[in-house]
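>>> Predicted coordinates and the sequence they were generated for:
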Amino acid sequence: MKIEVTFAGNKKVNANINGYVVKTDQPVSKGGDASAPSPFDLFLASIGTCAGIYVKSFCNERKLPTENIKIVQEIFVDEITKMVSDINIEIQIPSDFPEKYKDALISVANLCAVKKHIAMPPLFEVYTKTV
């Protein structure tokens, strides 16, 4: 898999992925135009949306309605290192959600591939190539 990253002016940086363009920008406070989420915000959103697709698939397979289910992700940052220290993922379900599936929702959310890759990070190699 290859992702091609291009520069679109000012602080805009886009990723071309399988025919889709994912646009990013920086907030005005960092010199951007705030026209799209920042790359780091997209990274964080990928965690919740990944958990979300597992929860949605689980519910769809059991014909459980998902209209009133929501995932709320809360990010905590270490004041000293300024790095993310904790991420809480809350699966909000309606009061009539079947009790027998509550623990299973947590289990399927934990199957998230993004979360697994953070737990076992890949090796990174950054280099230049003249073309």
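Cool, got the structure. Bear in mind that the values here come from a model prediction, so they are computed numbers and not experimental data. Numbers count the residues shown, from 1 in each chain.
>>> switch to C-alpha atoms for all contacts and neighbour counts from now on
Noted.
>>> Show me which residues of the helix or strand where Val55 lies are buried.
Using DSSP states H and E, Val55 maps to helix 39-61. By 16 or more other CA atoms under 10 Å, the buried positions in helix 39-61 come out as 39, 44, 46-52, 54-56, 58-59.
>>> Just give me the closest of the residues you listed to Ile89.
Gly48 (7.1 Å; CA to CA).
>>> So for the nearest residue to that closest one once chain neighbours are set aside, what pLDDT did the model give?
Excluding its sequence neighbours, the residue lying closest to Gly48 (CA to CA, 6 or more residues apart in numbering) is Gln73, at 6.2 Å. On pLDDT, Gln73 comes in at 98.
>>> hey, which helix or strand in this protein has the poorest pLDDT?
Ranked by mean pLDDT, DSSP states H and E, the weakest helix or strand in the chain is helix 113-119, scoring a mean of 94.
>>> and the residue nearest in space to the middle of the chain, what is it in contact with?
For the chain, the residue nearest the mean C-alpha position is Ser46 (1.2 Å; CA atoms, centre = their mean). By CA atoms under 8 Å, 6 or more residues apart in numbering, the residues touching Ser46 are Val114.
>>> separation between it and Thr24?
According to CA to CA, to the nearest Å, Ser46 and Thr24 sit 14 Å apart.
>>> Kindly report the same for Ala104.
Going from Ala104 to Thr24 by CA to CA gives 34 Å.
>>> Which of the helices or strands spans the residue lying closest to Ile91 once chain neighbours are set aside?
Sequence neighbours aside, Ile71 is the residue nearest to Ile91 in space, at 4.6 Å (criterion: CA to CA, 6+ apart). Ile71 is part of strand 70-77, with elements assigned from DSSP H and E.
>>> and the gap between Ser107 and Ala119?
Taking CA to CA, one finds Ser107 at 16 Å from Ala119.
>>> If anything else comes up later, I'll come back, but that's it for now.
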